[in-house]
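for reference, the sequence and a predicted model appear below.
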There are 2 protein chains.
Amino acid sequence: MESGGESEGHPYVPRDLKLPGFVPGFMPKSTIIGAYLLTSLLVVSIVWIGSGRIHKISKVDRILMCWWIFTGLTHMVLEGYFVFTPDFYKKTSPIYLAEVWKEYSKGDSRYAARHSGVVSIEGVTAVLEGPACLLALFAIATKKSYRYVIQLAISLGQLYGAIVYFLTSYLEGDNFAASLFYYYAYYVFANSFWIVIPTAISIRCWKKICAAIQEQDLKKTKTR
Amino acid sequence: MESGGESEGHPYVPRDLKLPGFVPGFMPKSTIIGAYLLTSLLVVSIVWIGSGRIHKISKVDRILMCWWIFTGLTHMVLEGYFVFTPDFYKKTSPIYLAEVWKEYSKGDSRYAARHSGVVSIEGVTAVLEGPACLLALFAIATKKSYRYVIQLAISLGQLYGAIVYFLTSYLEGDNFAASLFYYYAYYVFANSFWIVIPTAISIRCWKKICAAIQEQDLKKTKTR
């Protein structure tokens, strides 16, 4: 599939996508994915160890802090680079972040094509949600009263973004992956984490908030 | 502007937008907008009066109930019709809901053009947020413990949708209005309500939730 695909100079689907100035990626996918996973593991380990020193913090909160640093940095660094680098596919040297998007575009060529829906969602994710993730981490660590509501707000935003991300693709024919492998590995599998985890966090925060409101309501009724 | 525009058979911009089978609207805009405002006024009045009979309900909550019925029915009826009627611009008889979208498309032709981002956002809004608005109304009326969190969730969703709605247009050149009048009256003014009001509700619910969590936190600290 890929060799025949080089007629347009890029490995992406649809084949007639015009990407003048495209320069193929320099790094093997094992390097790109490996570097992402290893860096994430390092950062998550630091937060896990560091959070252990916080007074009376639960394991769930420590795991959540690990998630927020991981997703927050992914939003700000990886997705932030994509949002502000429209010409990433033209990079003539092996810049890691450009390599990430040259590779991911095999699963969804709308990234290389600068699809307005994808860029808009990624813009909101990188600029608003990314920093908010770090604020959520801080809120959990310091037990701020907004710790649940901020986690819920970000998670619902991630879910909204994921729904629109998949819906726009579906409505346009769902033909943006270079092969079934890339479709399932990048488009489906990689994104599924940002559906499953935000759903779980949303449910948890929703319940915590309802419990607190109920307690307050009961107290007010008693006071009367 | 409009008379010259009839060359493509429709009054929308960009002029080269292809809409085979387009049938011009039958109703004057005063009828379309007037019917929407009058119906809304009627429904809001019913909720306002009905909510007055609820025991110990605040004026703010009654106003919010009016907002939720108005925005919920707008989402479900108007936007729901758009989502599930791709050929509204071909309707050969004066169907009110088709007229609405034939008219609104003068402010944003992406509706007639079935822009994937617009259809996706409207899909989420009509199918998920619309019914959730009615649930919010019910939650306020019956003082459910989830009344703040559901209002926050919907409002943030409306804001997310509005941001992506405007961003996609901006990224594609912001040239979808038939004239400056339609641009400001429909695209900017009409949508501004779904930015200002959800922002205000989000802030209110955020504060209410934080106050309840803080109270709970203080109580737990005291208990220890």
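Sure thing, it's come through.

in chain A, which ranges drop under the pLDDT threshold?
Scanning chain A for pLDDT under 70 picks out A:1-8, A:224.

tell me the angle the longest helix anywhere in chain A makes with helix B:191-223.
Scanning chain A for the helix with the most residues, using DSSP state H, yields helix A:191-223. Angle, helix A:191-223 to helix B:191-223, by axes from the mean of the first three to the mean of the last three Cα atoms, to 10 degrees: 60 degrees.

run the chain-centre distance for stretch A:29-46.
14 Å (Cα atoms, centre = their mean, to the nearest Å).

how far away is residue A:72 from chain B?
Using Cβ to the nearest Cβ, to the nearest Å, residue A:72 is found at 18 Å from chain B. (Glycine included, C-beta is placed from N, CA and C.)

let me see the contact set for the closest residue to that residue other than its chain neighbours.
Ranked by Cβ to Cβ, 6 or more residues apart in numbering or on different chains and with sequence neighbours excluded, the top spatial neighbour of residue A:72 is residue A:133, at 2.9 Å. The neighbours of residue A:133, taking Cβ atoms under 8 Å, 6 or more residues apart in numbering or on different chains as the test, are A:68-69, A:71-72, A:75-76, A:154.

at 10 Å instead, please
By Cβ atoms under 10 Å, 6 or more residues apart in numbering or on different chains, residue A:133 lies in contact with A:67-76, A:125, A:150-151, A:154, A:158.

what helix or strand is it located in?
Following DSSP states H and E, one finds residue A:133 within helix A:130-141.

close to chain B, is the helix or strand that that helix is followed by?
For helix A:130-141, the following helix or strand on the C-terminal side (DSSP H and E) is helix A:147-171. Yes. Helix A:147-171 is in contact with chain B by Cβ under 10 Å from any Cβ of the partner chain, via A:147-150, A:152-154, A:156-157, A:159-161, A:163-171.

from residue A:154, how far off is residue A:139?
11 Å (Cβ to Cβ, to the nearest Å).

before we move on, what about residue A:23?
35 Å.

quick one: which of these two has more around it?
More crowded of residue A:23 and residue A:154, by other Cβ atoms under 10 Å in any protein chain shown: residue A:154, with 27 against 17.

test my guess that that one contacts residue A:128.
Yes. Counting by Cβ atoms under 10 Å, residue A:154 does reach residue A:128; the two are 8.9 Å apart.

so what's in contact with those two at the same time?
residue A:75.

start to end distance for stretch A:50-66?
10 Å (Cα to Cα, to the nearest Å).

just to revisit the earlier point, the contacts of residue A:133 in helices, which ones?
The helices, defined by DSSP H, take in A:67-73, A:150-151, A:154, A:158 from these.

and the longest helix of chain A, does that touch chain B?
Yes. With Cβ under 10 Å from any Cβ as the measure, helix A:191-223 is seen reaching chain B through A:202, A:205-219, A:221.

what comes up buried for that helix?
Within helix A:191-223, the residues scored as buried using 16 or more other Cβ atoms under 10 Å in any protein chain shown are A:191, A:194, A:197-198, A:201-202, A:204-206, A:208-210, A:212-213, A:215-216.

equivalent analysis for stretch A:180-193, please.
Within stretch A:180-193, judged by 16+ other Cβ under 10 Å, the buried ones are A:182-183, A:185-187, A:191.

which of those lies closest to residue B:49?
Nearest to residue B:49 among those, counting by Cβ to Cβ, is residue A:191 at 47.3 Å.

return the distance of the closest residue to the closest one other than its chain neighbours relative to residue A:13.
If the residues on either side of it in the chain are set aside, residue A:191 comes closest to residue A:162, at 6.4 Å by Cβ to Cβ, 6+ apart. To residue A:13, residue A:162 is 21 Å away according to Cβ to Cβ.

for PyMOL, write the selection for the buried entries among the residues of helix A:147-171 next to chain B.
Remark: buried members of the residues of helix A:147-171 next to chain B, expressed as a PyMOL selection using 16+ other Cβ under 10 Å:
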select buried, chain A and resi 147+148+149+150+152+153+154+156+157+159+160+161+163+164+165+166+167+168+169+171
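
what residues are up against residue A:124?
Counted by Cβ under 10 Å, 6+ apart, residue A:124 has contacts A:75, A:79, A:83, A:130, A:157-158, A:160-161, A:164, B:159-160, B:163-164, B:167.

recalculate using a threshold of 6 Å.
Listed by Cβ atoms under 6 Å, 6 or more residues apart in numbering or on different chains, the contact set of residue A:124 reads residue B:163.

how is residue A:27 assigned, secondary-structure-wise?
Here residue A:27 takes the coil state, with states given by DSSP: H, G, I helix; E, B strand; the rest coil.

can you get me a residue count around the nearest residue to it once chain neighbours are set aside?
Excluding the flanking residues, the one nearest residue A:27 by Cβ to Cβ, 6+ apart is residue A:99, at 4.8 Å. The number of residues packed near residue A:99 is 20, by other Cβ under 10 Å.

which ones are touching residue A:99?
By Cβ under 6 Å, 6+ apart, the residues touching residue A:99 are A:25, A:27, A:32.

in this structure the first one contacts residue A:100, no?
No. With contacts defined as Cβ atoms under 6 Å, residue A:25 does not count as touching residue A:100, sitting 9.2 Å away.
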